[in-house]
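> build me a structure from this.
(chains A and B)
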Amino acid sequence: AQKVTQAQTEISVVEKEDVTLDCVYETRDTTYYLFWYKQPPSGELVFLIRRNSFDEQNEISGRYSWNFQKSTSSFNFTITASQVVDSAVYFCALRDSNYQLIWGAGTKLIIKP
Amino acid sequence: EPEVTQTPSHQVTQMGQEVILRCVPISNHLYFYWYRQILGQKVEFLVSFYNNEISEKSEIFDDQFSVERPDGSNFTLKIRSTKLEDSAMYFCASSVEYYGYTFGSGTRLTVV
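Just a heads-up that it's a prediction; the model follows:
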């Protein structure tokens, strides 16, 4: 069965600190896709990244970076030099052979000034 | 950048009433989806739609729910007789390929 676990319910850091959000997934498929979405207080879902199971290269986009490790079934997300505007709920999600996205429970990130 | 548009942004309805949530997917997209998020909880899959038929649906998507693409541009979710527990944010999404998604900004449904 497919499953996405975000064990950190809430993280609070002071601005400019680095923070890593964990995501662990379960799937029996060899072909699958992993996603991260940001949900700010306004409620919309903002796409951050999509990764397929054949591409284990880490990705960096500005202050954001992602570490995909198939050996540990993890797809962690790091924000470097966090800013108050990064405060949001962050969701990790998985899609395999089914049409649907399987979502983690989300991590609420609070960045204090 | 193309967007998925959802209307209304917020709808309040009385328990037992029918409600239709509307979505305009991106024009060249082929796959359409509805997800919901009860306040403070995770996002849950409801249904996917491809080639004018439902391709997959979850246990949540029971006989009270239906989807339609009435005119080639709109994609609607109908809840026949709303219950209090249907109160949630409903997200529409579309994709041109199998694995991509663009989400709308959501409709907050409040059942009173």
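
> okay, CA-based contacts and neighbour counts for the rest of this
Will do.

> give the contact list for residue 4.
You didn't pick a chain, so chain A it is. By Cα atoms under 8 Å, 6 or more residues apart in numbering or on different chains, residue A:4 lies in contact with A:23, A:24, A:25, A:26, A:92, A:93, A:94, A:102, A:103, A:104, A:105.

> correction: the question concerned chain B.
Listed by Cα under 8 Å, 6+ apart, the contact partners of residue B:4 are B:23, B:24, B:25, B:26, B:92, B:93, B:94, B:102, B:103, B:104, B:105.

> near chain B, which residues of chain A are found?
When proximity is defined as Cα under 8 Å from any Cα of the partner chain, chain A approaches chain B at A:33, A:43-47, A:50, A:95, A:98-106.

> so which of these belong to strands?
A:33, A:46, A:47, A:50, A:95, A:102, A:103 (DSSP state E).

> of these, buried ones?
Burial by neighbour count, 16 or more other Cα atoms under 10 Å in any protein chain shown: within these this picks out A:33, A:46, A:47, A:95, A:102, A:103.

> who does the second one form a beta bridge with?
When bridges are called by DSSP bridges, residue A:46 pairs up with residue A:38.

> quickly note the distance from it to residue A:35.
Relative to residue A:35, residue A:46 is positioned 11 Å away (criterion: Cα to Cα, to the nearest Å).

> what do you get for the last one?
In this view, residue A:103 and residue A:35 are 9 Å apart by Cα to Cα.

> in chain B, which spans are helices?
Listed in chain order, the helices found in chain B under DSSP state H amount to none.

> per-residue confidence for the residue nearest the centre of it?
Of all residues in chain B, the one closest to the mean position by Cα atoms, centre = their mean is residue B:34, 3.5 Å from it. For residue B:34, the pLDDT comes out at 97.

> that one - nearest residue in space that isn't next to it in sequence?
With Cα to Cα, 6 or more residues apart in numbering or on different chains as the criterion, residue B:34 has its nearest non-adjacent residue at 4.6 Å, and that residue is residue B:92.
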